[in-house]
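S.K.: Sequence plus the predicted model coming up.
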Amino acid sequence: MSRKAFVSMTILALAAAIPVAEAGSGKSQGRYATHNTMAETTELPDGGSVVVGHFKQFTFADDARHPIDNGAQDCTGVTRLAADGNTVSASGSCFGTDEDGDRMSWWWRQEETGTTACPIACGVWGFFAGDGKYEGIKGGGTWKVTARIQDGGAGVWKGEYSTP
């Protein structure tokens, strides 16, 4: 796999920084970092490629009481790269378990890259499942990659949540 494909997968992995909170609703924001643990590239006939990867994400919330503050998640992603190495599309899912053993999961999708407002990568996310205190969790928001790091990346997230 090329370094550019690996870096693209890492950047897209950053999409997973999703807030989770105690019962109730509100707005959250924070920072995250990712580390790629596996990436497999399939070359396509048109010169492009598809990268399937797995990464660990470490999430930090501005509020230390936030359940995912200092949390770690397992994430997967699929990135379609054009022949020139630019990202065509990227999306994936993340799965987290808090210190009480309650689980949550969310999807992520890249929406923009290589623009003045979003030089590296930006996108959206939304919850799709949870159990325990996260059963019925809803919400979503945005993410933005702010730095590339070796075998990963870092960024910021914002979002809203609600739990029954």
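M.R.: Arrived safely.
S.K.: Name the SS class of A129, please.
M.R.: Three-state call for A129 (DSSP: H, G, I helix; E, B strand; the rest coil): strand.
S.K.: Quick check: it touching G96?
M.R.: No - checked against CB atoms under 8 Å, the pair A129 and G96 is beyond contact range at 11.2 Å. (Each C-beta comes from the backbone N, C-alpha and C, glycine too.)
S.K.: Name the residues contacting each of those two.
M.R.: 104-105 (CB atoms under 8 Å, 6 or more residues apart in numbering).
S.K.: and these two? which has more neighbours close in?
M.R.: Between A129 and G96, counting by other CB atoms under 10 Å, G96 is the more crowded of the two (23 against 15).
S.K.: Distance check, the more buried one against F58.
M.R.: Noted for G96: a distance of 11 Å to F58, by CB to CB, to the nearest Å.
S.K.: again with Y161
M.R.: From Y161 to F58 the distance is 19 Å (CB to CB).
S.K.: the more surrounded of those two?
M.R.: Looking at Y161 and F58 with other CB under 10 Å, you find the greater number of neighbours at Y161, namely 22 against 17.
S.K.: Please give the element, helix or strand, for that one.
M.R.: Per DSSP states H and E: Y161 is located in strand 152-163.
S.K.: Please apply the same query to W107.
M.R.: Using DSSP H and E, W107 sits within strand 103-112.
S.K.: cool, and H54?
M.R.: Assignment of secondary structure by DSSP H and E places H54 within strand 49-61.
S.K.: Now E135. Nearest residue, chain neighbours left out?
M.R.: P164 (7.1 Å; CB to CB, 6 or more residues apart in numbering).
S.K.: I should have written T146 there, sorry.
M.R.: In space, T146 is closest to G155, 4.8 Å off (CB to CB, 6+ apart).
S.K.: just the helices in this protein please.
M.R.: Remark: helices assigned in the chain by DSSP state H are 3-13.
S.K.: which one in it is furthest away from the centre?
M.R.: Using CA atoms, centre = their mean, the residue of the chain lying farthest from its centre is P45. It sits 28.5 Å away.
S.K.: Report the separation between that residue and F58.
M.R.: 37 Å.
S.K.: Then A129?
M.R.: Using CB to CB, A129 is found at 21 Å from F58.
S.K.: before we move on, the earlier item: next, count neighbours for the residue nearest to T146.
M.R.: Per other CB under 10 Å, the neighbour tally for G155 reads 24.
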